[in-house]
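Participant: I would like to see how this sequence folds:
(chains A and B)
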Amino acid sequence: MKNSLRNLNPLRRGAGISTAVLGASALVLAGCGAPPAENTPSGSAAAGASDYLGCIVSDQGGFDDRSFNQSSHEGLMKAKQDLGIKTKEAESKAETDFVPNLDSMIQAGCDLTLTVGFLLGDATKDAAKKNPDSHFAIVDYSDPEFTDNVKPIVYDTAQAAFLAGYLAAGTSKTGKVATYGGAEIPTVTIFMDGFADGVKYYNEKHNKKVELLGWDKDAQNGTFVGNFEDQGKGKTNTQNFINEGADVIMPVAGPVGLGTLDAVTEANTGGKKDVKVVWVDSDGFETAGKAEEYILTSVMKLMGQAVEDVVKTDLAGKFDSTPYVGTLENGGVALAPFHDQAKNVPAELKSDLDTIKADIISGKIKVESAASPK
Amino acid sequence: MSIHRPDDGRSAGSEARIEAKAEEQRLEAAVETDDGRMAPPAVPPSAQSGQLYPEEAGTQPLLHRIMASETMVAVLAVLLSLIVGGLLVALTNEQVAAASSYFFARPGDLLGAAWTAASEAYAALFQGAVFNFEGQTFARMIYPLTQTLTVATPLICAGLGVTLAFRAGLFNIGAQGQIIIGAMLAAWVGFTWQLPVGLHLLLVILAGLAGGALWGSLVGLLKARTGAHEVIVTIMLNYIAIYLVGFLLTTPGFQRPGSSNPISPQLGGTALYPPLFGDTFRLHWGFVVAVLATVFAWWLLNRSTIGFELRAVGANPMAARTAGIGVTKSYVVVMVIAGALAGLAGVAQVAGTERVLTAGVAASFGFDAITVALLGRSTPWGTFIAALLFGAFRAGGVTMQTNTGTSIDIVLVVQSLIVLFIAAPPLVRALFHLPEPGAVSPAKTGKSKSPAATGGAA
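Facilitator: Residues are numbered from 1 along each chain as shown, chains lettered A, B, ... in the order given. Here you go, the predicted structure:
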């Protein structure tokens, strides 16, 4: 090893030196800024709120999961910006980190600790029981055994997915639409249930036979990747659906959906096919980062807003443990704008969607899913 | 090939002796692999412990022996990783980035900010792993240490399983699957049966041992009967275990009643390890079980006939067979024991800390166990200490993350760097100018000579 380090040939060594010179000059250029004045007094814009500490603990997905951890985290960051609170955050790398992370938040004296996902349900329940003076909020999970210092934040996503299903059936040219999930958990299947009902409602209303691939609502059985990581499998699933004739596909699988965008881009390139995608959680046109032109719409769960609201009410001293249920009515769930695809959505369909939305809000249309929050 | 007889070399002075040693090692390798016709063993004997040439130890000064030892390399690998990790903390820190923009106007700011970032992060790591000097009560002060021991418990058990398999020449990647199956059976016994205190926990532990042993024995049997490579078999069995538990958690037998999430009911109170120091701490009797398991593994390897056979098979299966040792039997036996130890890690999870079964019950312990076994130089007590170190990293990482905002990924980077440096002892030796093991002390010969590299890469 020593010898091999010494025997670098002169040419390579020269190259190394010139790289070093380049790097050094870059440093020189980068380091030429003027220093700030010393002892700048820190501004105290929001002095009243500054000792309020809002904390967040993620599940294994981490705060960059392009899904609920990320949206919840953004909500807290927005609260920090708008309300001037302090924040602390802990990412869990495994389920074994949940309890230690929560404990460390309690030790840090958090006023409100936000946890993300059903896996943190037990840990949050125990922590809340042991620390009745601290407030907790948990995203995507509700439990009747929660003490009254826990606020569950849940979503009736099926309502927005119903609209997406109706829209997908209405824009499909092949008469086949498809969906698949990441893992088979309620927060995923609720999208698929709503989507299935929307397709069914379209068929009843227009006497059509648009077929849904990938999910059977009655049997609660369908296509799943098995995780939220394997984009290759998402791509294969999508290719299979396209080969079977589906032309609107909704992946309910977080980042795995990027595989769907790849498959759709391949299928559509050169005008061979006209396949569209329904994104989930956030507006895919803005967040997916590729193939935006094929995104018909997105079924959005607006978690950031809910999180900010919970922080705001707690800051005002009005914390309550009534579950927050995101619906079409309160804007917690919604259908994203059509963006580039607006030209493919007929005016009649648009007005249908408005009517259905009003009917769901008024209760005229009931969207039911086994996974709906109770 | 020309053969120098080693004893000729030894009497003829140090240089010849080094040459002879290199030749000896080359021949050894040639015998092991049947002159290249056979695949070399997965874990080279030289990587398994630091005592391949114990006879040379006595001839060298103590300091030189320490400097040349494998333990020194392990310690320095940890140190080096911490230094690189500290640099990363400093580089990713916002204050450091801000100060770097006016480096030439006030260089002290950058260096100060970098030092503050790195030292604060490591102080928080220490505070979260060993002793919390800001604790309000005594219990709070020592809480981090108990937390380290708690996290280390499954790592110790699974690491021992990997260590034993290493010593028999098997690269056991399957600890993850063995933990999962062990945890699955243990949890099932824990939440389904209603039994009196004591008996219930005992059966939970036995179920965990049996589950792990079953999953390990599959590997041993396939390796022994069909010659299937254990690395492939264990990796595939990991997948089977993960998806099996994922599936079972959606069936009525395992799923929590009234929930549609893939999570099991909580284990009954009688099925849990009692806390070791009361309810304030998470440390449970599973840690004592892990210590006992370490003693058992040490006894098995160093004092029992089975252990002798395992080590013989690990050093050279051909020679072991010639000497009348049942190689296939040894493979099965070692994998059953390794699996059972990993199953014990699963018990520590479901009956100790988590108290439920989920698809992520094994966390990354199965893979960390491999690192721990390598860091522990494949000895039971070495593994024990390495597991404590990794437990400290994990426990301290939590505090580091919340108190200083340093990403938890830095801890994972440090852990991975340790593996990297452990796997390349010559790199560490070159960086710190350490002598090679077996090399003659420079003080004795008056000049330093770099001998042929040993096959110490693990």
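
Participant: how many neighbouring residues does whatever residue of the stretch 251-400 of chain B ends up closest to chain A have?
Facilitator: Closest to chain A within the stretch 251-400 of chain B is residue B:363: 3.4 Å, counting by C-beta to the nearest C-beta. (C-beta placed from N, C-alpha, C; glycine too.) By other C-beta atoms under 10 Å in any protein chain shown, the residues close to residue B:363 number 23.

Participant: give me the three-state assignment for it.
Facilitator: coil (DSSP: H, G, I helix; E, B strand; the rest coil).

Participant: can you pull the contacts of residue 294?
Facilitator: Because you didn't say which chain, this covers chain A. Residue A:294 makes contacts with A:261, A:264, A:265, A:268, A:275, A:276, A:277, A:341, as judged by C-beta atoms under 8 Å, 6 or more residues apart in numbering or on different chains.

Participant: chain B is the one I meant
Facilitator: B:156, B:160, B:380, B:381, B:383, B:384.

Participant: element containing the fifth one?
Facilitator: When secondary structure is defined by DSSP states H and E, residue B:383 falls within helix B:380-404.

Participant: so for that helix, mean pLDDT?
Facilitator: Helix B:380-404 shows a mean pLDDT of 91.

Participant: got the phi and psi for the residue in the stretch 101-250 of chain B positioned nearest to chain A?
Facilitator: Ranked by C-beta to the nearest C-beta, the top residue of the stretch 101-250 of chain B for proximity to chain A is residue B:103, at 3.3 Å. Dihedral angles of residue B:103 (phi, psi; degrees, to the nearest 10) stand at phi -50, psi -40.

Participant: for it, give its distance to residue B:110.
Facilitator: Residue B:103 sits at a distance of 5 Å from residue B:110 (criterion: C-beta to C-beta, to the nearest Å).

Participant: quick one: stretch B:120-140 near chain A?
Facilitator: Yes: against chain A, stretch B:120-140 shows contacts by C-beta under 8 Å from any C-beta of the partner chain at B:128, B:140.

Participant: how far out from the middle of the chain is that stretch?
Facilitator: 25 Å (C-alpha atoms, centre = their mean, to the nearest Å).

Participant: hmm, who's touching it?
Facilitator: A:104, A:107, B:82, B:86, B:89, B:141-145, B:147-148, B:280-281, B:391-393, B:395-400, B:403-404, B:406, B:410-411.

Participant: and the helix holding residue B:383, what does it pack onto?
Facilitator: With contacts taken as 3 or more C-beta pairs under 8 Å, 6 or more residues apart in numbering or on different chains; DSSP states H and E, helix B:380-404 sits against strand A:86-90, helix A:98-107, helix B:70-91, helix B:107-129, helix B:138-167, helix B:286-303, helix B:365-375, helix B:409-423.

Participant: other SSEs contacting the second one?
Facilitator: Counting by 3+ C-beta pairs under 8 Å, 6+ apart, the packing neighbours recorded for helix A:98-107 are strand A:53-57, strand A:86-90, strand A:112-116, helix A:121-130, helix B:138-167, helix B:380-404.

Participant: that older thread, now, of the contacts of residue A:294, which are buried?
Facilitator: The neighbour-count test (16 or more other C-beta atoms under 10 Å in any protein chain shown) marks A:261, A:264, A:268, A:275, A:276, A:277, A:341 as buried among those.

Participant: that's all I had, so thanks and see you.
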